[in-house]
Structure formats: C-alpha cells, structure tokens
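Peer 1: Structure for this input, please:
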Amino acid sequence: MAKQFEYDVVIIGGGPNGLLAGSYLSRAGLKVIVLERRHEMGGGAATEDVAGTPGFRINSHAQYMMMTDYAPVYKDLELETKYGLRHIYPSLQFAMPLKDGRCLCLYSDVERSCQSIANFSQKDAETYREISAKCAEYMDAFIGPATYVQPKPPLEQAMQLEKTEIGKEISAYTPKSPKQVVDELFEDQYVKTLMLHNICMWGLDPEGEGVGYLIPLYLNRMVNYRMCVSGSHALPQALIKVILENKGHLVTSVIIKRIIMEGGRAAGVECEDGRIYRAKKAVVSTIDPHQTFLELVGEEHLDKDFVESIKGWEWEHWSFLGVHLALEEAPRFRAAEKNEEINKALVYVLGFESPEEFIEHYKAIGRGECPLDAGYSCSFPSVFDPLQAPEGKHTGSLYKMAPYDVEGDSEKWFSIKYKDEHAAGMLNLLREYAPNITDDKIRNKYVSTPAEISVKFFDMKKGSIKQGAYTPFQMGYNRPNAECSTHRSPVEGLYMGGACTYPGGTILLGSGYLAADAVVEDLGIEKWWKEPEIVIQAREKGLL
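Peer 2: Below you'll find the predicted structure:
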C-alpha cells in the first residue's frame, strides 16, 4: 500500500518561488511541504562545483539579484538580519570595452555614469541624467510597488494610470519597442548599443512592441544589480531555514506523477514511486503551465478553451549558452590600462559595437543560428567575493544568447565537439579584450547549453529561462492567462506561483510571494506580514 502523508499545503517546485511561498505559508501556521525534482532545492539560484575543480563555486544559472531594494521578502522574513543573507553592490555595474581601447561604463552613481557617457556624447550624458531620474521616479511610484500586488485587468490598470501625470508617462512606453525608445533618447551608436543590450538581455525583443512599459524597469535596474555573498544559492538556503524553523518539510528527488483530483478539486499529488502527499487546503505549482495543467492535472479535468490557451503558450525566443570558468587569475582588460577600475565591473558586454550587430544576433537566433563570433555578457564574481574561489583564484561565467533548436535540432547541443567549438569562440572573443586569459590560465570549464538547461530544469522547456516568453499576451494580468491572473487557477484548490505567472522571471521574488498572498486570502487566514509601504503609497496616489 502506498505511503500517504497529509499537509495543509503541498508546493510543487523548490526553486526561489516555491521556497518563498513555503516560507510565508509556514509562518502563517500552515503545515507545508515543498517537493523538488532535483537533488537539491534552489532551482536556478544554484551555486555548484560544476567546473570539476574543488573550491570554485560557479553560479551556473542565476547570477544577479535585480529587485533586492524593493522585494518585501527581505524585510518580512528577516533574511539579512536574522538568517545572514548578504549582498554585494559593485559601484561599476556595466562595462562595455571597445575594440579601439575605449570603454563605456555605467555606475551605481548617476554622475559617474554621465561622466563616462560624456566621453562619447555630451548630449547623451545629459539625457541619461534626466532619464535616470525619471525611471527612478517610475520605479518608486508604480513599477516597484506593482511588482508585489496582484495584477489588474489591462484596461482597468491602463485607465487608472491615465488618471495621473506619471501614470500617463509610464503608459506612453507600452506601444514602443526597445529600439524605438533607445533611438528617441540617444544619439551615439555605442551608448545606444549598451542601452539596447541591457534593456533586452532578460527577454525583450529589441524591435518588439506592446511591452514597452518594462523598458523603464530595465533602464533603472541596469545599475541596481546585486550578487549574493558566497553565491546565488545563499538566497534559497536562507529561505530553507525559514521553512524548517516554522516546521515545514522539504523533499528532494521527487518525480510527481499527477495532481490528485477529487470532486473537481486539487487534493494533493501522487509521485511515481507511489507516495501520496495529500493537501487539505491547497496545492501550489511553481512549474510551467504545460506540466502543471496538461501533464499533472490532465486535459480531462479542464475546460477545452483553457486547454487550448495552455497549448498556445509561447516559450522564449532564445536561451543561454554558458561557459563557466575556474581561473588561475582574474581577467585584465586592455581598456583598464587607462582606468584600473574597469577590471572590477559586475557585468561586461563584449563584441557588440552597434545596435545593428545586437539586433542581427537576435534575428539569427530566430533563424536557429548561433554565430561563433557573436557578442555576449560575462561576469567574474570572485573579483568581489573571495568565498567563490580558492585564495588567489577566480571564477567567471560567459553568457551568450542562443537558440534552443540550433539549425532545427536541439540535439546538436549535446555534441561535445559542437559545444567545445562554441566555447572556444566565446573564449577567443574574451581574449580580444582580456588577453591574459590564455589556455594555461583556465584550470577547468563547464559548458551549459540551451538544451541542457531544459534537461536540468524541467520547468524551463526549450531552455526557456523564465518559463515563457515576454510578449503582450503573456505579461501582466495575462501571465500565463486571464484565468490564472491572480495566482489562482480554474481548478479549485490549485494555485500558480512560478515565473510563468505575474510578475515574471529573473528572481523578482514576486510570483511566490503573490501565490502565498492568494492562498492566505482565500483561506481567510490573517496575514502575519504587512503590505509594503511602497504599495500603500502607490494606492494613496491612485496608481494601484
């Protein structure tokens, strides 16, 4: 007879959102269990010894924390004050070395960024100063607060924004493409290139329209990235402590066979080994909509139109080809000969020197091509955090946007020869800017391809790092669709809380937070946490 276990809430997926939902719900007094397919919790917030060299900690997927200064989880759960989670906030956020030896830099300090931009265009420096102030205002007034409240239907939210001047300004971005905004704002080709890359590096089509309201978010966040001390895995480790201290349970290496349906309600899950975890109050899925509804719930339990909407879910246009390095020394960039600080940038953008080059690379991906000489972004975490490498040694990660189905066949990514060829191309490009990274300085490397991402993380279908594309019909209230808009689903007792839900991916720490919010509200349980002050202020201003 199969073993049965009973909980109030069963959470599917132990990534940041699953752990976040588990943290809030367990502290609310609910008996919670989090089930994870992989051998460890954390999902994409992983820090591993994948380079095959002891002591080198590689952030093999998520590298940067984007919303550390806005996400309520840090204060609510006392992650920093009680559980020791710490972040690094480098002064030099982005550096784009050029072939002519110059370097365009973006700092956390606006004036320093303006000084660097002025070396390319005084007008662009003045524009950047103005747009930085505007985007900071947009973030504080609406974009930041809206990330941590349930979304409203598009028309309702649009009408509300139109009632205020700042709301009108934010709404004006919506129909515009990133390229259109960048062309309107800036004149220098190098400044345009860096801005376009940074706006689009997390999923926006450079020429796509309809989600332009995200542009001010990325313009602001590009100088507000943090890194977790000792690696990205420090974040899930802190959340795990919260769950365990509140008598929650966590189980890894669990393959879920189905969501148990009883009387049209989600009543728990059954695992492939026969174990059953019953849920008296709720099941929360933080994995993608295909697995959740088509595979685990089953089409026979769902409305036909809803099934068709799930089948029409669009995966991302691209994924990441990552080359992770265990290094004998940190890179020394040629551009740093004039400014040593360039060797201490959080993120480098290499190989793009015009907007057209970046756009062509994006189009090539759409054709199933992965050019060997295309540009990419990279980071060397141990420069800031010595805990991530042995003393005197360093780590590095190179990330190139790449197609899942390369030349129509994702299996090509499993060819060692093909992987090595592309890794060599990326290393050759790095050496054009940092010539000291010769073969003898690379102790070991690990290559992660789009196809391998989908195998490692089952919820990232086709290497889709955010569980689905950012398109007008898959964002905001429609992420993943109107029926699941507020983290509930058409199935009674089943809630959604992954990156496929509002507000989206990239460890915004919003989806799991809002899933917990929906569960507690529906169960009539008093929330132990308070609504964030920024949300209260946005409501008072009539923006939410």
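Peer 1: Pass me the low-pLDDT residue ranges in the stretch 1-150 of the chain, would you?
Peer 2: Residues of the stretch 1-150 of the chain meeting the criterion pLDDT under 70: 1.
Peer 1: the helices in it, which residues?
Peer 2: Ranges of helices within the stretch 1-150 of the chain are 16-27, 73-76, 110-118, 122-138, 144-146, based on DSSP state H, counting those that start in this stretch.
Peer 1: again, but for the stretch 151-300 of the chain
Peer 2: For the stretch 151-300 of the chain, helices defined by DSSP H, counting those that start in this stretch occupy the ranges 154-161, 165-171, 178-185, 189-200, 215-221, 234-245, 289.
Peer 1: Quick one: list the elements packing against the fifth one.
Peer 2: Spelled out, that is helix 215-221. If contacts are counted by 3 or more CB pairs under 8 Å, 6 or more residues apart in numbering; DSSP states H and E, helix 215-221 sits against helix 122-138, helix 189-200. Where C-beta positions appear, they are placed from N, C-alpha and C, glycine not excepted.
Peer 1: Pull the distance from the shortest one to the chain's centre.
Peer 2: With CA atoms, centre = their mean, to the nearest Å as the basis, the distance from the averaged C-alpha position of helix 189-200 to the chain average is 19 Å.
Peer 1: Of all the helices of the stretch 1-150 of the chain, which one comes closest to I437?
Peer 2: If you check each of those against I437 by CB to CB, helix 110-118 wins as the nearest, at 24.0 Å.
Peer 1: and the angle from that closest one to helix 189-200?
Peer 2: Orientation check (axes from the mean of the first three to the mean of the last three CA atoms, to 10 degrees): helix 110-118 against helix 189-200 gives 130 degrees.
Peer 1: buried stuff in helix 110-118?
Peer 2: By 16 or more other CB atoms under 10 Å, the buried positions in helix 110-118 come out as 112-114, 116-117.
Peer 1: picking up where we left off before, including distance to Y7, could the helices and strands packed on helix 215-221 go into CSV?
Peer 2: Formatted as CSV, the helices and strands packed on helix 215-221 follow (distance: least, CB to CB, whole Å):
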stretch, distance to Y7
helix 122-138, 41
helix 189-200, 41
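Peer 1: Tell me which of these sits most buried.
Peer 2: Highest mean neighbour count among the helices and strands packed on helix 215-221 (mean count of other CB atoms under 10 Å): helix 189-200, with a mean of 24.
Peer 1: by contact count, what packs against it?
Peer 2: Against helix 189-200 (3+ CB pairs under 8 Å, 6+ apart) you get strand 92-97, strand 103-107, helix 178-185, helix 215-221, strand 347-350, helix 355-366.
Peer 1: If you average the pLDDT over the fifth one, what comes out?
Peer 2: Model confidence over strand 347-350, given as mean pLDDT, is 98.
Peer 1: residues in contact with the closest residue to G274 other than its chain neighbours?
Peer 2: Nearest non-adjacent residue to G274, counting by CB to CB, 6 or more residues apart in numbering: A2, 4.0 Å away. If a contact means CB atoms under 8 Å, 6 or more residues apart in numbering, then A2 has 270, 274-276 as its contacts.
Peer 1: re the thing from before, do you know which of the helices and strands packed on helix 215-221 lies nearest K176?
Peer 2: helix 189-200 (11.1 Å).
Peer 1: Only C-alpha atoms, please: export the closest one in PDB.
Peer 2: What follows is helix 189-200, C-alpha atoms only, in PDB (Å, rounded to 0.1, in the frame of the first residue of the first chain):
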ATOM      1  CA  GLN A 189      26.000  54.300 -31.500                       C
ATOM      2  CA  TYR A 190      28.000  52.900 -28.600                       C
ATOM      3  CA  VAL A 191      25.600  54.400 -26.000                       C
ATOM      4  CA  LYS A 192      22.700  53.000 -28.000                       C
ATOM      5  CA  THR A 193      24.300  49.600 -28.100                       C
ATOM      6  CA  LEU A 194      24.800  49.300 -24.400                       C
ATOM      7  CA  MET A 195      21.400  50.600 -23.600                       C
ATOM      8  CA  LEU A 196      19.600  48.300 -26.100                       C
ATOM      9  CA  HIS A 197      21.600  45.200 -24.900                       C
ATOM     10  CA  ASN A 198      20.800  46.000 -21.200                       C
ATOM     11  CA  ILE A 199      17.100  46.500 -21.800                       C
ATOM     12  CA  CYS A 200      16.800  43.300 -23.900                       C
END
